[in-house]
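Colleague: build the 3D model from these lines:
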Amino acid sequence: MRKSFSAILVSTLVLTGCATLRDSRVNPFNWFGSSRSEPIGQTEVNTNPLIPQSSGLFASARTRQATYAGRPFDQITNLTVERVPGGAIIHATGLAARQGIYKVQLTPANEDELPVDGVLTYRLEGVEPTKNTPVGTNPTREVVAGRKLTDQQLAGVRTIRVEGQRNALTSRR
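Modeller: Numbers count the residues shown, from 1 in each chain. Here you go, the predicted model:
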């Protein structure tokens, strides 16, 4: 009787301690919280897209391969950051203005994909079809894109931000 009472008492104490661990910052599932919506600011581009940035014998072939004709999505509806061994996976859900968007990707805001003041910023972009497509209902225009980040890329990152045309969602550590 004494052993079973001791076992029940110890297991009760251990289980009640789990509740505080679940909500603490030690738990890796709490490293990135739920996403929050923020207004998007307008940025000005000071470079002329018609003037090439590089020159040389093979510069035109290199730029043709690297050119991505994607445009930002109309609205970002959901952002989740899932911890995986060795890094994290960003899942961003966007709502397009019309149906038929393809080649959807999360494009980094800067070329080096480095955080600025602890904020790692991406744009959810997709290529619009050349022909006119119907607008359709929300489920037919919804698209999910993902991107894997390593622990080295996450070093110094406190916030992950995904931008669209009308809004941006952030997830904080």
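Colleague: from now on I want contacts and neighbour counts done on CA atoms only, so please keep to that.
Modeller: OK.
Colleague: what sits against the closest residue to residue 39 other than its chain neighbours?
Modeller: Leaving aside its chain neighbours, residue 39 sits nearest to residue 167 (5.1 Å; criterion: Cα to Cα, 6 or more residues apart in numbering). By Cα atoms under 8 Å, 6 or more residues apart in numbering, the contact list for residue 167 reads 37-40, 75-76.
Colleague: can you pick the most crowded of those?
Modeller: residue 76 (26 neighbours; other Cα atoms under 10 Å).
Colleague: who does that one form a beta bridge with?
Modeller: Beta bridges link residue 76 to residue 94 when assigned by DSSP bridges.
Colleague: check the one 5 residues further on too.
Modeller: In this structure, residue 81 bridges to residue 90 when assessed by DSSP bridges.
Colleague: could you tell me the per-residue confidence at it?
Modeller: On the pLDDT scale, residue 81 is placed at 92.
Colleague: and it, how many neighbours does it have?
Modeller: Residue 81: 24 surrounding residues under other Cα under 10 Å.
Colleague: got it, and residue 94?
Modeller: As a burial measure, residue 94 scores 26 neighbours (other Cα under 10 Å).
Colleague: check what pLDDT it gets.
Modeller: 92.
Colleague: cool, residue 131 as well?
Modeller: Confidence score, pLDDT, at residue 131: 87.
Colleague: if I've got this straight, it is in a helix?
Modeller: No: secondary structure of residue 131 (DSSP: H, G, I helix; E, B strand; the rest coil): coil, not part of a helix.
Colleague: that one and residue 37, how far apart?
Modeller: 32 Å (Cα to Cα, to the nearest Å).
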